[in-house]
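Participant: Structure of the sequence below:
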Amino acid sequence: MSRWQAAGIHLGISALIAAIVIGVMYLVWYPSPYFTAMGGSQLVLLVVGVDVVIGPLITLIIYRHGKKGLKFDLAVIALLQSAALIYGVMVTAEARPVYSVFVVDRFETVAANAIEPEELAKVTRPEFKSLPWLGPKVVGVVKPADSEEAARILFSMEKGKDLQHFPQHYVPYADVAAEAGRRAQPIQTLRRFNRDKASNALIDAFLASHGVSENDVGFLPMRARRGELARIVRKNGEILGTLDLSPWGDQLPR
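Facilitator: Numbering: from 1, shown residues only. All right, here's what the predicted structure looks like:
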């Protein structure tokens, strides 16, 4: 077998493994629209760079039929490549979105590594005691009635933590859906924030595909690690979908 054949076989195996990992990412951990909004493409580059490119390239460089110690060299490459792939998968899993939290007048996307273990340990509702693995769940959050707890959360904002990072205060989205519907802004405002023809065509296509008019729905900002989107909801708060459009216009995010 030539070095090119060996590298080709290595590339094929690596590509198959990478395809499985990326499939899990895109279909399970980072479903649309979270894949782009949470920086999934950068994580894919990490996996592909380590698993599909570096390993086969090293095999191409060191492989020579009949070389002494070749099996040991290939075993070391496989071991290092596996360790790097495991590391990449762990980073991807830790950064996965686990909750889309309705907070006051917007949706905040919360990653697994943004929730502290000690805060998760305080959760009493069974459905929120562990972080989801099969895609992010849409939930609501309520401000604590206890003044000391409210003050603790307020001071935690200095560390970049806000109400959505405290799962002990989560509630099912159904409990806050009506409020989300009331807070939703008119679609006409979304059009004003996104004046180009392509954006308006995207809105028209979305409304047509769901069989609704502008008067039936509104939008709420949805914030994530790599972008801000517009989540479309009915007047009762039912979520219809999310559009990759600016929910702020020239306004500053609140």
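
Participant: all strands of the chain, in order?
Facilitator: Using DSSP state E, the strands of the chain run over residues 97-103, 106-111, 137-141, 170-172, 185-186, 217-223, 228-234, 239-243.

Participant: For those, could you give me JSON lines that also reports distance to A6, mean pLDDT and mean neighbour count?
Facilitator: Where you see a C-beta, it was placed from the backbone N, CA and C, and this is true even at glycine. Below are those laid out as JSON lines (distance: least, CB to CB, whole Å; pLDDT from 0 to 100; neighbours: other CB atoms under 10 Å):
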{"stretch": "strand 97-103", "distance to A6": "39", "mean pLDDT": "97", "mean neighbour count": "24"}
{"stretch": "strand 106-111", "distance to A6": "39", "mean pLDDT": "97", "mean neighbour count": "23"}
{"stretch": "strand 137-141", "distance to A6": "45", "mean pLDDT": "97", "mean neighbour count": "21"}
{"stretch": "strand 170-172", "distance to A6": "52", "mean pLDDT": "98", "mean neighbour count": "17"}
{"stretch": "strand 185-186", "distance to A6": "59", "mean pLDDT": "97", "mean neighbour count": "14"}
{"stretch": "strand 217-223", "distance to A6": "47", "mean pLDDT": "97", "mean neighbour count": "22"}
{"stretch": "strand 228-234", "distance to A6": "45", "mean pLDDT": "97", "mean neighbour count": "22"}
{"stretch": "strand 239-243", "distance to A6": "45", "mean pLDDT": "96", "mean neighbour count": "18"}
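
Participant: I77: which of those strands is closest?
Facilitator: Ranking the strands of the chain by distance to I77, with CB to CB as the measure, places strand 106-111 first at 32.2 Å.

Participant: Enumerate every residue touching R191.
Facilitator: When contacts are counted by CB atoms under 8 Å, 6 or more residues apart in numbering, R191 touches S199, N200, I203.

Participant: contacting residues around stretch 103-114?
Facilitator: Against stretch 103-114 from outside (CB under 8 Å, 6+ apart): 34, 37-38, 93-101, 131, 136, 138, 141, 162-165, 183, 220-225, 231, 247, 254.

Participant: Tell me where the model's unsure across this protein.
Facilitator: Counting by pLDDT under 70, the chain contains low-confidence ranges at 250-254.

Participant: Map the structural domains onto the sequence of it.
Facilitator: What the record gives for the chain is the domain set 3-94, 97-175, 180-243, from automatic domain parsing.

Participant: For the contacts of R191, give me TSV that also has distance to Y26 and neighbour count.
Facilitator: As requested, the contacts of R191 are exported to TSV (distance: CB to CB, whole Å; neighbours: other CB atoms under 10 Å):
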residue	distance to Y26	neighbour count
S199	25	18
N200	28	14
I203	25	21
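
Participant: Just the ones in helices from these, please.
Facilitator: S199, N200, I203 (DSSP state H).

Participant: Could you single out the nearest of the residues you listed to V53?
Facilitator: Relative to V53, and with distances defined as CB to CB, the nearest of these is S199, at 36.3 Å.

Participant: closest one to K67 among the strands of the chain?
Facilitator: That would be, of these and by CB to CB, strand 106-111, which comes in at 45.3 Å.

Participant: So what's the gap between that closest one and the chain middle?
Facilitator: 9 Å (CA atoms, centre = their mean, to the nearest Å).

Participant: Just want the angle from it to strand 137-141.
Facilitator: If you take axes from the mean of the first three to the mean of the last three CA atoms, to 10 degrees, strand 106-111 sits at 120 degrees to strand 137-141.
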